[in-house]
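K.L.:
Got a sequence here, can you model it:
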Amino acid sequence: MRALELGFPGDMRDELNCLVLTGAKTATTCLLGEYAEEAEGLEYVGERQALLDNEGRCVATLEFTGVEVKPFGEVTWEHARAEGEGDASLEAWRDVHRRFWGRAGTPVGDHTAVVCLAFRVVKGS
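P.N.:
So this is what the prediction gives:
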């Protein structure tokens, strides 16, 4: 089973995993370019992955319910809100994600390809 690690290791990952485990977070967004860098295929609807904590332990099993590739500027408020991170608007969500990926060394513009993933927890640890 493939694994998913959310955000940066440390407090951010702990917070994002907590949002998943409480049901507040049912979506995430990835850069399409990272799949090529990591030689990974896209997720697919019905695929299950282990959600990992900071120590690499599985804290839940996720099942993907939606997978969509689109330009960053076309991500919908519905998807952004499903990320459950408390953003007050789509523009706030975009700002947070631009800063996150910028800190990781990848500037993001409206035409940058992203993968919008929707999921549900099928098993908690």
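K.L.:
Can you check the pLDDT for S125?
P.N.:
Here, the pLDDT recorded for S125 equals 56.
K.L.:
Where does pLDDT dip in the chain?
P.N.:
Low-confidence segments of the chain, defined by pLDDT under 70: 124-125.
K.L.:
any idea which strand is longest in the chain?
P.N.:
What stands out as the longest strand in the chain, according to DSSP state E, is strand 58-71.
K.L.:
and that one, what does it pack onto?
P.N.:
In terms of contacts (3 or more CB pairs under 8 Å, 6 or more residues apart in numbering; DSSP states H and E), strand 58-71 is packed against helix 11-21, strand 48-52, strand 113-124. Using the backbone N, CA and C atoms, a C-beta is placed for each residue, glycine as well.
K.L.:
what do you get if the cut-off is 6 Å, keeping everything else the same?
P.N.:
Contact here means 3 or more CB pairs under 6 Å, 6 or more residues apart in numbering; DSSP states H and E; on that basis strand 58-71 packs against strand 48-52, strand 113-124.
K.L.:
D14: which of those is closest?
P.N.:
Evaluated over the helices and strands packed on strand 58-71, closeness to D14 peaks at strand 48-52, with 11.6 Å, by CB to CB.
K.L.:
Just checking the distance from the closest one to the centre of its chain.
P.N.:
Taking the mean of its C-alpha atoms, strand 48-52 sits 12 Å from the chain's own mean (CA atoms, centre = their mean, to the nearest Å).
K.L.:
Parallel or antiparallel, list what pairs with that strand.
P.N.:
Paired strands of strand 48-52, with direction, are strand 3-4 (parallel), strand 58-71 (antiparallel) (DSSP bridges).
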